[in-house]
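Trainee: Got a sequence here, can you model it:
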Amino acid sequence: MSRRLLGLAGLLLVAASASPALARYNGNLNFFAGQKWMKTSDWEPVEEQPEIGIMFAFGIERAPVHFALDVLGSQKTETVDSPFLGPVDVKATTREYAIGVRKVWTPGVTRPFIGAGGCMVMVDLDFDAPGFHQSFGDNAYGLWIEGGVTWRIVKHMNLGLDVRYSRADAKFTRNGLPADVTAGGLHTGLLIGYGW
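Mentor: Prediction:
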């Protein structure tokens, strides 16, 4: 997952710096590293997941908002003891693809921002034990909102903080019956990246 994110970031950065038309555009390409908190009743014991991602936004100079395109991925594995199966490895994976708008205030070094839009969240939940394996997965569509701040510490380098909430409802089929599962969650993390 991290290789794909790095490859995507490289392509976006090359395209941004190579285009002669970008003299009329502003934008930011930031790496996100942090944590995602999901609904405990749906995801325990893997409801808290380390998360990485890429946040990309650009717009015409002096435009009130920028177009935003973000990709986030999280994963967590825990081992729990079952009275029937013994040790069970529980693994959860989520991938979020978000599109929307981001407003960045650029009065100086400190640059607060807010954003919102739609997202697709892909979730997988796996249980593994000796002689037992069960998997659940779904794609869900929903919304996201965020707020944060970056500091332009040198000419093009960003450091910052981001807080985001995403909401999407997935369905897992358990014992032949569909069960609603919250696929989004609360995301908090650090940002480092490039701005122009």
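
Trainee: Residue 43: how many residues sit nearby?
Mentor: 22 (other CB atoms under 10 Å). Every residue, glycine included, has its C-beta placed from N, CA and C.

Trainee: residues touching the nearest residue to it once chain neighbours are set aside, list them.
Mentor: In this structure, residue 43 finds its nearest non-sequential neighbour in residue 92, 6.0 Å apart by CB to CB, 6 or more residues apart in numbering. Contact analysis of residue 92 by CB atoms under 8 Å, 6 or more residues apart in numbering lists 38, 43, 46-47, 49, 74-77, 123-126.

Trainee: so which helix or strand takes in residue 92?
Mentor: strand 86-104 (DSSP states H and E).

Trainee: Next: residue 171.
Mentor: Going by DSSP H and E, residue 171 is in strand 157-174.

Trainee: likewise residue 58?
Mentor: strand 48-60.

Trainee: Do you know the pLDDT at residue 60?
Mentor: In this model, residue 60 is scored at 89, pLDDT.

Trainee: you'd agree it is up against residue 24?
Mentor: Yes. Counting by CB atoms under 8 Å, residue 60 touches residue 24, with 6.2 Å between them.

Trainee: circling back: partner strands of the strand holding residue 58, with direction?
Mentor: The pairing partners recorded for strand 48-60 under DSSP bridges are strand 25-37 (antiparallel), strand 66-82 (antiparallel).

Trainee: how much does the first one deviate in direction from strand 157-174?
Mentor: In terms of direction (axes from the mean of the first three to the mean of the last three CA atoms, to 10 degrees), strand 25-37 departs from strand 157-174 by 50 degrees.
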